[in-house]
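*Asks:* quick one, what's the 3D model for this:
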Amino acid sequence: MLKNFLSFEKDSAFNLMKRIFHIGIFTLFLPAFWIGKYFAVLFPATHQIPAETPGWFTFTSGPNIILGILIGIGFLIISILIWKIICQTLLIILQACETYIDNNEK
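*Replies:* Now for the predicted structure:
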């Protein structure tokens with residue numbers, strides 16, 4: 001399998017773009033994580049904690065984890081859609097080049 005992975009063979013533009021698309025999706029997870037973490041820290045949530053005296057409460061701030069998760073997932077979905085549009089555009093260009101080369105080789 002490693003021999004096939006490291007060798008170059010003639011492949012179609014569709015298979016090439018499918019591989020690039022999946023690699024690109026994998027690399028989008030890290031920025032989505034960092035954006036979610038950034039917004040979780042940027043907009044902290046205030047939590048009400050009961051004090052030792054009954055009827056009294058203290059307030060503490062912490063990262064807004066729910067907001068961070070939602071923004072991270074939203075960023076991931078939007079970035080995957082943008083990446084899909086870019087890959088589709090490249091696929092159209094590569095298929096046009098492939099067709100042009102096949103027609104001119106005859």
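
*Asks:* which SSE is immediately downstream of whichever strand or helix holds Thr46?
*Replies:* Assigned by DSSP states H and E, Thr46 falls within strand 45-50. Later in the chain than strand 45-50, the nearest helix or strand by DSSP H and E is strand 57-62.

*Asks:* tell me the helices and strands packed up against the helix or strand just after that next one.
*Replies:* Using DSSP H and E, the helix or strand that follows strand 57-62 towards the C-terminus is helix 65-104. Secondary-structure packing of helix 65-104 (3 or more CB pairs under 8 Å, 6 or more residues apart in numbering; DSSP states H and E): helix 13-42, strand 45-50. Quick note: C-beta positions are derived from backbone N, CA and C, even for glycine.

*Asks:* just the angle for the last one relative to strand 57-62, thanks.
*Replies:* Interaxial angle of strand 45-50 relative to strand 57-62 (axes from the mean of the first three to the mean of the last three CA atoms, to 10 degrees): 150 degrees.

*Asks:* equivalent analysis for the longest one, please.
*Replies:* The directions of helix 13-42 and strand 57-62 differ by 150 degrees, with the same axes, to 10 degrees as the criterion.

*Asks:* tell me the angle helix 13-42 makes with helix 65-104.
*Replies:* Interaxial angle, helix 13-42 versus helix 65-104 (the same axes, to 10 degrees): 160 degrees.

*Asks:* could you find the closest non-adjacent residue to the residue nearest to the spatial centre of the chain?
*Replies:* The centroid of the chain falls nearest to Leu28 when counting by CA atoms, centre = their mean (2.8 Å). Distance criterion CB to CB, 6 or more residues apart in numbering; nearest residue to Leu28, sequence neighbours excluded, is Ser79 at 4.9 Å.

*Asks:* this completes my enquiry, with thanks.
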